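Novice: no sequence for this one, just the structure:
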């Protein structure tokens, strides 16, 4: 009787609120490793709160789950679903449901009216890279995109992961937050965060350090001769220098997962962590250790540049297909410029080393024939089909948006510095993008918004420079870049005759194999093939490095080769010797530099005067 006196509107509102709460979909996962030596991850996915509005259009009482085809930060369709096996689905009474595959990475499940569906499947994981997953008797390393199917209605809601680890594994390392009161359970605020938080289960060596007010956890997998005290000191220096660029840190905690291997290398950024692959001998070699720290700086700086300061195309993500973006040169080019700059600003390298890295990047831009045929923006857009799928002809036809992007970033930094008489630089552009788009709009920037931000910082229109440096294949006038800051760019090869036929030849277990021919050089034009084995040079058996056979040759002299083709056929070729046109730059101080130029140089190097 009392219920009848409740106003009808309140009943409707109460029903609406109850329905809304019930309609909120919930997803949880359980990961198991019953037989880790077989390289399988056992995944159990539970979906609750299924409502009619979640059903697949045109399909009665059916829902869909999908596995991503790529992972953010690595722009290649990797077809993770090819490693999924034995996918089955069940209702809330553990009764089997009909499950059929509707696309290469999507499964359609008939719920039969059940508001809860449980999905079980296996993932074969035996590919140890920063973009994939790997399981053996010692560890499970998992990238979320290759493990966790997603349910579209729940993409933006929290999800949980319970990890049932074998007794021989003691530790779980991930940037995800552990759920209080639940055993071995971690939570993500949404599916994007889940995918963006790799998980390591095993027995890594773990240490921590604090820098810039942030706690950092480092998990080292595999034997290596690293010095923990030195790593803490050097990595903390990188953190501090990187944080100073923007002036604020976005995290409370950060996680490094580092695999020390016999071969291989690389890194992948995440919003609160990074994964690195490192040669285990890295730490005892000065050059290799520098490169390792530079990799740390690169992936760490991605915390700001790409995970938060980003082109608008890079999030929210479409996990079903390629996400095309012509501004990847800002994502990786800016970061490639800043990684060694951070090393310098952190005191981990000196001015000479920083200049050497800059010159190495410029050598690539000038010497790489592909830079004449593909612009930075086109290279960014085509990353999906070119950068991650290089061929022997890639150096002749494509550019690297990391390296050329770093040179364009240097040019942009110097252009802003010059146009503002040292009052602003590339740091200020990043700070503006951080404030206007990440903090205030919580989104990425468009191409036109980036141009507007550049103009706001530089006080001049930089679009003509962008059109030359980024959107065309026109060469950057490198000499002109450094004059305003009192530096001279010297080509160390000037005045030297270096004989060549324009081919790279590698000694592979006593066989001399052609690995590259350079466009416009004799080897390319006269038909020396990649994979040819060079047997004789001028009727002499080749037993030493090929370059030694060209000593004493003059321009126009002929070199007579006997080569064995990949199909076993023999060919005789005669190629003319030509001068090597490749540059080898060095930056030196201009002895005639004015005080104004020196002041501008100090501004570029962020020296505190």
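Specialist: Received, thanks. Keep in mind it's a predicted model, so treat the numbers as computed, not measured. Numbering: from 1, shown residues only.
Novice: show me what contacts the closest residue to residue 61 other than its chain neighbours?
Specialist: When the adjacent residues along the chain are set aside, residue 61 lies closest to residue 111, with 4.9 Å between them (Cβ to Cβ, 6 or more residues apart in numbering). (Each C-beta comes from the backbone N, C-alpha and C, glycine too.) Under the criterion of Cβ atoms under 8 Å, 6 or more residues apart in numbering, the contact list for residue 111 reads 50, 61-63, 91, 97, 117.
Novice: Which pair in those has the greatest spatial separation?
Specialist: Using Cβ to Cβ, the pair of the contacts of residue 111 lying farthest apart is 62 and 91, separated by 13.0 Å.
Novice: Now do the strands in the stretch 201-350 of the chain.
Specialist: Counting by DSSP state E, counting those that start in this stretch, the stretch 201-350 of the chain has strands at residues 205-211, 214-221, 253-261, 266-269, 273-279.
Novice: Could you export those strands as JSON lines, including mean neighbour count, mean pLDDT and distance to residue 129?
Specialist: Compiled in JSON lines, the strands of the stretch 201-350 of the chain are given as follows (neighbours: other Cβ atoms under 10 Å; pLDDT from 0 to 100; distance: least, Cβ to Cβ, whole Å):
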{"stretch": "strand 205-211", "mean neighbour count": "15", "mean pLDDT": "98", "distance to residue 129": "21"}
{"stretch": "strand 214-221", "mean neighbour count": "20", "mean pLDDT": "98", "distance to residue 129": "14"}
{"stretch": "strand 253-261", "mean neighbour count": "22", "mean pLDDT": "98", "distance to residue 129": "9"}
{"stretch": "strand 266-269", "mean neighbour count": "20", "mean pLDDT": "97", "distance to residue 129": "7"}
{"stretch": "strand 273-279", "mean neighbour count": "23", "mean pLDDT": "98", "distance to residue 129": "7"}
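Novice: Using TSV, please lay out these together with distance to residue 242.
Specialist: Shown next, in TSV, are those (distance: least, Cβ to Cβ, whole Å):
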stretch	distance to residue 242
strand 205-211	10
strand 214-221	11
strand 253-261	11
strand 266-269	12
strand 273-279	12
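Novice: Contact partners for the closest residue to residue 421 other than its chain neighbours?
Specialist: In space, not counting the residues next to it along the chain, residue 421 is nearest to residue 600; the distance is 7.7 Å by Cβ to Cβ, 6+ apart. The contact partners of residue 600, by Cβ under 8 Å, 6+ apart, come to 417-418, 421-422, 484-486.
Novice: for the residues you listed, which one is nearest residue 466?
Specialist: After measuring the contacts of residue 600 against residue 466 - Cβ to Cβ - the closest member comes out as residue 418, at 15.6 Å.
Novice: What helix or strand is that closest one located in?
Specialist: For residue 418, the element it lies in under DSSP states H and E is helix 403-419.
Novice: Packing partners of that helix?
Specialist: helix 334-345, helix 351-367, helix 376-381, helix 426-433, helix 447-458, helix 463-469, helix 478-482, helix 595-604 (3 or more Cβ pairs under 8 Å, 6 or more residues apart in numbering; DSSP states H and E).
Novice: which other helices and strands contact the fourth one?
Specialist: Looking back up the chat, that one is helix 426-433. Judged by 3+ Cβ pairs under 8 Å, 6+ apart, the packing partners of helix 426-433 are helix 228-246, helix 334-345, helix 403-419, helix 447-458.
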